[in-house]
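*Asks:* my questions are about this predicted structure, shown below with the sequence.
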Amino acid sequence: MTKVSIILMPQGKNSNTGRICKMISEKGKVHRLSIGYTIPIDDWCVKTKRVKNTNSNSTIINSIIENIMSGDVTKHKKYEDCILCFMENELELGHLDKTIKYSTYKKYNTIAKSFRKAMVKLEMLKITINDVIGLEKLKSIISIISINESRNGKRKTTLNNYLVVFSTYVKKWFQKNNGSPTADFSFIHKESKKVILGHANYITKDELTIFENYYPKGIKNGTIQTITKSIFLSQYYIGGIRISDILTLTNSQFKAKGILIRMRKNGETRIYPYSFELVLALRPLYPYQYNSVIENLNLGSIKLPATIVAAMIRSNIELHNYNLEDIDKKISQLEYSLSLEHKQLVDELERLKQIIKGLIKEEFFKQIQNLTEGFIFPLLEYDMFKNHLDRPDLFDKDLSYAIHRATCKYNSNLKVICKTIGINRKLTSHSPRHSIALHLMERGATTPIIQDVLGQRNLSSTAVYLQQRLPSNNIGVGMGLIHGSKL
């Protein structure tokens, strides 16, 4: 049978105006997404947009439709003992009044559709609170959703996320129907707790060095890979910021004290300090600014500490405009020397390097600030976003889709780079975030410090990032306290 779509628009000037209620007929049935009933096509009247009396549920369904058309949300809720209907309605209302982000709406809507498709296959009319508590019907739905599990277990992880989101709406529904606000419905996803959740792949410190030294070849692919490399390293060196925040980063966010990051996910604003590593990450995209800084850098204008000057004079090293490459070369010549004088000079040259890096960093980011306002990375059109950057949490469908497409392009080229340099794991736009969390943990940073760097509100979220990353040495530490030096 030909697929037909019937769209009902509610009338009246109220908070429900503009809500779209879809009536879709396919394979001989009409399915009302916001009601939860499956209606045989013969029972549906196209002219009146109502269910015929031949259907045993016609009175209930037509009453719900009347309430939706009149905008009477309260009456509609009397029939809304289906938790999935409640979830779908909440999502639509949140999308219309912009209380939830479009990206969140799309993600949660996908979850709701997965539950709905499973219900249709099982010919279930609704999911009630008893179905949730009893778990049997819910298990049947879960078994349908998990049919297409992939071999690498990704689908299992996704299923776990689906259940967590669904349990949130179960709790909301329960509270709105005078249930206990402290009711715990975490048992909903207990079936998926058997699955060991995976993490986004991370890059080791050694692999990060290989990544930094990679220079793409060719014109066509080289340009986008250069941009991809710069984005990845910038994400890492700006505290593991999320891909949506780095793609919409503008030069106006480069302030005197650091980079002002507006976090789209939680709405917070934080300042991240500049680093010389970030200069090197951006250098391929801003070669003119970098070369200008290097050319104008005058070593003679640097107020060198007396110890450096004295060490240079004693070692017969002339004072002229060294660049960083020259200093590194000189250090490599002297660092294996047995001469105490030369060893002291190496230390002084290292200090000189830090002074020069500080000057380059300061001048480079000043030049970035003075550019015409625009995005740092050219994967998105600035003019498309410029009027919405003050509220990144409210990006509409078009802006969210543009970020999605740019992210896909970025991930695709990241995959090519990994294959080229021999990293046999799939790095993604989230890998810099997990990488910096791991590296901070390896260096002994506490969980609150890592939480602050990642810009996460909840310590529990940070704990999820860190779990199963490194083998625990608590047993060895504990036994060492008992046995002391005997171990």
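*Replies:* Everything's here; your move.
*Asks:* contacts and neighbour counts: CA atoms only from here.
*Replies:* OK.
*Asks:* same question for the longest helix seen in the chain: list its buried residues.
*Replies:* Longest helix in the chain, counting residues (DSSP state H): helix 340-369. Using 16 or more other C-alpha atoms under 10 Å as the test for burial, helix 340-369 gives 342-343, 345-346, 348-349, 352-353, 356-357, 359-369.
*Asks:* who touches E373 in this structure?
*Replies:* Shown in contact with E373 (C-alpha atoms under 8 Å, 6 or more residues apart in numbering): T250, N251, S252.
*Asks:* low-confidence regions, the stretch 101-250 of the chain specifically.
*Replies:* 146-160, 178-200, 218-221 (pLDDT under 70).
*Asks:* can you do 80?
*Replies:* Within the stretch 101-250 of the chain, the segments meeting pLDDT under 80 span 101, 103, 123-125, 129-164, 174-200, 217-222.
*Asks:* which residues in it form helices?
*Replies:* With helices called from DSSP state H, counting those that start in this stretch, the stretch 101-250 of the chain shows them at 102-121, 129-134, 136-145, 154-176, 205-212, 220-237, 243-247.
*Asks:* what do you get for the stretch 351-487 of the chain?
*Replies:* Using DSSP H, counting those that start in this stretch, helices in the stretch 351-487 of the chain cover 382-385, 397-421, 431-442, 447-454, 459-466, 474-483.
*Asks:* in JSON lines: those, plus mean pLDDT, distance to G240 and mean neighbour count.
*Replies:* What follows is these, written out as JSON lines (pLDDT from 0 to 100; distance: least, C-alpha to C-alpha, whole Å; neighbours: other C-alpha atoms under 10 Å):
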{"stretch": "helix 382-385", "mean pLDDT": "90", "distance to G240": "23", "mean neighbour count": "14"}
{"stretch": "helix 397-421", "mean pLDDT": "90", "distance to G240": "16", "mean neighbour count": "16"}
{"stretch": "helix 431-442", "mean pLDDT": "89", "distance to G240": "4", "mean neighbour count": "21"}
{"stretch": "helix 447-454", "mean pLDDT": "86", "distance to G240": "6", "mean neighbour count": "18"}
{"stretch": "helix 459-466", "mean pLDDT": "74", "distance to G240": "12", "mean neighbour count": "15"}
{"stretch": "helix 474-483", "mean pLDDT": "59", "distance to G240": "28", "mean neighbour count": "11"}
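*Asks:* so which of those helices is nearest R264?
*Replies:* helix 397-421 (11.4 Å; C-alpha to C-alpha).
*Asks:* now the closest one against helix 205-212, angle please.
*Replies:* Angle of helix 397-421 versus helix 205-212, following axes from the mean of the first three to the mean of the last three C-alpha atoms, to 10 degrees, is 100 degrees.
*Asks:* what's helix 397-421 in contact with?
*Replies:* 102-103, 210-211, 214, 224-225, 228-229, 243-244, 247, 379-380, 384-385, 424-429.
*Asks:* which residue is the nearest non-sequential neighbour of H434?
*Replies:* Using C-alpha to C-alpha, 6 or more residues apart in numbering and skipping residues adjacent in sequence, the residue nearest H434 is Y202, 5.7 Å away.
*Asks:* show me the contacts for that neighbour.
*Replies:* Applying C-alpha under 8 Å, 6+ apart to Y202 gives the contacts L427, S431, P432, H434, S435, L438.
*Asks:* ok, so of those, who is nearest R457?
*Replies:* Closest approach between these and R457, by C-alpha to C-alpha: H434, at 16.2 Å.
*Asks:* re earlier: select only the buried ones of the contacts of helix 397-421 in ChimeraX?
*Replies:* Selection of buried members from the contacts of helix 397-421 for ChimeraX, criterion 16+ other C-alpha under 10 Å:
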select :102,103,211,224,225,228,229,243,244,247,379,380,385,426,427,428,429
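*Asks:* what helix or strand does T59 sit in?
*Replies:* Using DSSP states H and E, the element containing T59 is helix 58-70.
*Asks:* for G267, which three-state class applies?
*Replies:* The three-state label given to G267 by DSSP: H, G, I helix; E, B strand; the rest coil is coil.
*Asks:* hang on, I meant R270
*Replies:* Under three-state DSSP, R270 comes out as strand.
*Asks:* and it, what are its bridge partners?
*Replies:* Residues in a beta bridge with R270, per DSSP bridges, are I261.
*Asks:* surely it and G258 touch.
*Replies:* No: judged on C-alpha atoms under 8 Å, R270 makes no contact with G258 at a distance of 9.4 Å.
*Asks:* can you list residues touching both of the two?
*Replies:* By C-alpha under 8 Å, 6+ apart, R270 and G258 have no common neighbours.
*Asks:* ok, now which ones touch I376?
*Replies:* Taking C-alpha under 8 Å, 6+ apart, one finds L247, T248, L249, T250, N251 in contact with I376.
*Asks:* endpoints of stretch 368-387, how far apart?
*Replies:* Stretch 368-387 has an end-to-end distance of 21 Å (C-alpha to C-alpha, to the nearest Å).
*Asks:* ignore the last one, stretch 255-266
*Replies:* Terminal residues of stretch 255-266 are spaced 21 Å apart (C-alpha to C-alpha).
*Asks:* buried stuff in that stretch?
*Replies:* K255, G258, I259, L260, I261, R262, M263, R264.
*Asks:* state the distance from the residue nearest to P432 when sequence neighbours are not counted to E88.
*Replies:* Closest residue to P432 apart from its sequence neighbours, by C-alpha to C-alpha, 6+ apart: Y236 at 4.9 Å. The gap separating Y236 from E88 is 37 Å, by C-alpha to C-alpha.
*Asks:* and D245, by the same measure?
*Replies:* From D245 to E88 the distance is 29 Å (C-alpha to C-alpha).
*Asks:* those two - which one has more neighbours?
*Replies:* A direct count of neighbours by other C-alpha atoms under 10 Å for D245 and E88 places E88 higher, at 22 against 17.
*Asks:* does the more buried one count as helix, strand or coil?
*Replies:* Secondary structure of E88, per three-state DSSP, is helix.
*Asks:* my understanding was that I129 contacts F86; is that so?
*Replies:* No: the pair I129 / F86 is not scored as a contact, 11.7 Å apart, by C-alpha under 8 Å.
*Asks:* comparing the two, which residue is more hemmed in?
*Replies:* Shown here are I129 and F86; by other C-alpha under 10 Å, F86 has more neighbours (19 against 16).
*Asks:* correct me, but the more buried one touches F174?
*Replies:* No: judged on C-alpha under 8 Å, F86 makes no contact with F174 at a distance of 10.4 Å.
*Asks:* tell me the domain ranges of this protein?
*Replies:* Taking automatic domain parsing as the domain assignment, the ranges for the chain are 1-78, 80-198, 205-285+376-474, 290-368.
*Asks:* one step back: what would the buried residues of stretch 255-266 look like in TSV with distance to K52 and pLDDT?
*Replies:* Output for the buried residues of stretch 255-266, formatted as TSV (distance: C-alpha to C-alpha, whole Å; pLDDT from 0 to 100):
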residue	distance to K52	pLDDT
K255	66	91
G258	66	91
I259	63	92
L260	60	92
I261	57	90
R262	54	85
M263	51	85
R264	48	82
